[in-house]
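In: take a look and give me a structure for this.
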Amino acid sequence: MDPDTAQRRHLVSAYATVCHLLRQLEEAAREGRSPTGVGAPLTPLPDELTDALISPLTALAAALRSEASRLAPQELRELETTQSLPNTLVWASNLLDHIRETVDGLQPTKMRKYGHLTPDIRQAFSGLHERLSPLVRQSREVLDSHDQRSW
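Out: Below you'll find the predicted structure:
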């Protein structure tokens, strides 16, 4: 039995997705960390409940990995191979762009869509943006200087 390329990739994708969701579930249950990554913390579950919840899913992930190893070994190796530093730099750059966009969204001209800004509030948001923007630029400069180096 040899699955075709799309089937092998789907199997490995299912394994990767389950592992990701299991990690999020465990962080929510054990640590009270929201799966969204933002927002108020959650109340962690009692250890015995968390263990009972996570245990069968850990077995599920292990079974998926075993089948992926058997039916899609090359695709699994590709998934588990550490990517190069340039790939990490691309991801860091993309995430930094999202941070910059979030900070830029605090400018008074953009905050108007959330309601009327009194002069004091306008000044507060303007000052906040002016304080935060250089920090984003500083990180961008660090990232860009490393991006130009030979690794």
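
In: distance of Pro35 relative to Ser139?
Out: From Pro35 over to Ser139 the distance is 26 Å, taken as C-beta to C-beta, to the nearest Å. For every residue, glycine as well, the C-beta is placed using N, CA and C.

In: same check on Asp4?
Out: Where Ser139 is concerned, Asp4 sits at a distance of 44 Å (C-beta to C-beta).

In: again, but for Val38
Out: 19 Å.

In: these two - which one has more neighbours?
Out: Ser139 (14 against 5; other C-beta atoms under 10 Å).

In: go ahead and confirm the more buried one touches Asp97.
Out: No - assessed by C-beta atoms under 8 Å, Ser139 is found out of contact with Asp97, at 10.8 Å.

In: now do the contacts for Leu79.
Out: 12, 15-16 (C-beta atoms under 8 Å, 6 or more residues apart in numbering).

In: quick check: buried residues in the helix or strand containing it?
Out: Assigned by DSSP states H and E, Leu79 belongs to helix 73-80. For helix 73-80, the buried set under the neighbour-count rule, 16 or more other C-beta atoms under 10 Å, comprises 75-76.

In: how far off centre is that helix?
Out: Helix 73-80 sits 21 Å away from the centroid of its parent chain (C-alpha atoms, centre = their mean, to the nearest Å).

In: may I have that helix as PDB, with CA atoms only?
Out: The C-alpha coordinates for helix 73-80 follow below in PDB (Å, rounded to 0.1, in the frame of the first residue of the first chain):
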ATOM      1  CA  PRO A  73       8.700   9.100   5.900                       C
ATOM      2  CA  GLN A  74      10.200  11.700   3.500                       C
ATOM      3  CA  GLU A  75       7.400  14.200   4.200                       C
ATOM      4  CA  LEU A  76       7.700  13.600   7.900                       C
ATOM      5  CA  ARG A  77      11.500  14.200   7.700                       C
ATOM      6  CA  GLU A  78      10.800  17.400   5.800                       C
ATOM      7  CA  LEU A  79       8.400  18.500   8.500                       C
ATOM      8  CA  GLU A  80      10.800  17.800  11.300                       C
END
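
In: kind regards, and thank you for your time.
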